[in-house]
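Enquirer: here's my sequence, what's the structure:
(2 chains)
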Protein chains: 2
Amino acid sequence: MLKPDFAKLNGLLTTVVVDANTKAVLMVAWMNAESYRRTIESGETWFWSRSRNELWHKGATSGNTQRVIEMTLDCDCDTLLVSVIPNGQACHTGSYSCFFNLVNSK
Amino acid sequence: MLKPDFAKLNGLLTTVVVDANTKAVLMVAWMNAESYRRTIESGETWFWSRSRNELWHKGATSGNTQRVIEMTLDCDCDTLLVSVIPNGQACHTGSYSCFFNLVNSK
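Expert: Numbers count the residues shown, from 1 in each chain, chains lettered A, B, ... in the order given. Below you'll find the model as predicted:
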């Protein structure tokens, strides 16, 4: 089984969450080894909250859980792509995706 | 204009690159303020290489540049989503996308 490389980012794996149906990028978050293990075990996304310094079961309080369909590590195994069926919006602002701030080019 | 928050990750912005046509996630890389500026200026992706500690114009040596179609910052402006038209594969392994290591669930 593939081993994620937690060393490059101080024990954290950069994680991109996409909607399995629409393919939209919903959010980027971080997993430590324990949240990675719990995600695989539970079939729902678990992250490490860098601001609160704690394990974070996505949707535990909001109900907006994410059911994992597929997980893929990148070429050097330090970044994870998680394809999910979201149960509600991904963003704490109430938005479907965290990515809604369009950058104007010059 | 929106200001990216470079402070949270030691001057770097986590950047997710997706194919504007297929919506596939191609790679995750990091931008510092200078590569962000050059990306907007040039319309092609520039990153900060953490391993080589230098600015990195994607495709400068391989020819596999990425033309920027749209850029979106996330809710707290510390992560960037870049939608591109790739001129060739994204991955240094020769793969279309860096994400090809399927994680087996339990």
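Enquirer: moving along the chain from the helix or strand where A:Ser35 lies, name the first helix or strand you hit.
Expert: According to DSSP states H and E, A:Ser35 maps onto helix A:33-42. Following helix A:33-42 in sequence order, the next helix or strand is strand A:46-49 (DSSP H and E).
Enquirer: and that following strand, how far out from the chain middle?
Expert: 8 Å (C-alpha atoms, centre = their mean, to the nearest Å).
Enquirer: partners of that strand in the sheet?
Expert: Paired neighbours of strand A:46-49 in the sheet (DSSP bridges): strand A:54-57 (antiparallel).
Enquirer: C-terminal to the strand it pairs with, what's the next element?
Expert: Defined by DSSP H and E, the subsequent element after strand A:54-57 is strand A:66-74.
Enquirer: output that next one as PDB, nothing but the C-alphas.
Expert: Written as PDB, here are the backbone C-alpha positions of strand A:66-74 (Å, rounded to 0.1, in the frame of the first residue of the first chain):
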ATOM      1  CA  GLN A  66     -18.300  14.300   2.800                       C
ATOM      2  CA  ARG A  67     -18.500  10.700   1.700                       C
ATOM      3  CA  VAL A  68     -15.300   9.500   0.200                       C
ATOM      4  CA  ILE A  69     -15.500   7.900  -3.300                       C
ATOM      5  CA  GLU A  70     -11.900   7.700  -4.200                       C
ATOM      6  CA  MET A  71      -8.500   8.900  -3.000                       C
ATOM      7  CA  THR A  72      -5.400   9.500  -5.100                       C
ATOM      8  CA  LEU A  73      -1.900  10.500  -4.000                       C
ATOM      9  CA  ASP A  74       0.200  12.600  -6.400                       C
END
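Enquirer: name the helices or strands packed onto the helix holding A:Ser35?
Expert: With contacts taken as 3 or more C-beta pairs under 8 Å, 6 or more residues apart in numbering or on different chains; DSSP states H and E, helix A:33-42 sits against strand A:46-49, strand A:54-57, strand A:66-74. (C-beta placed from N, C-alpha, C; glycine too.)
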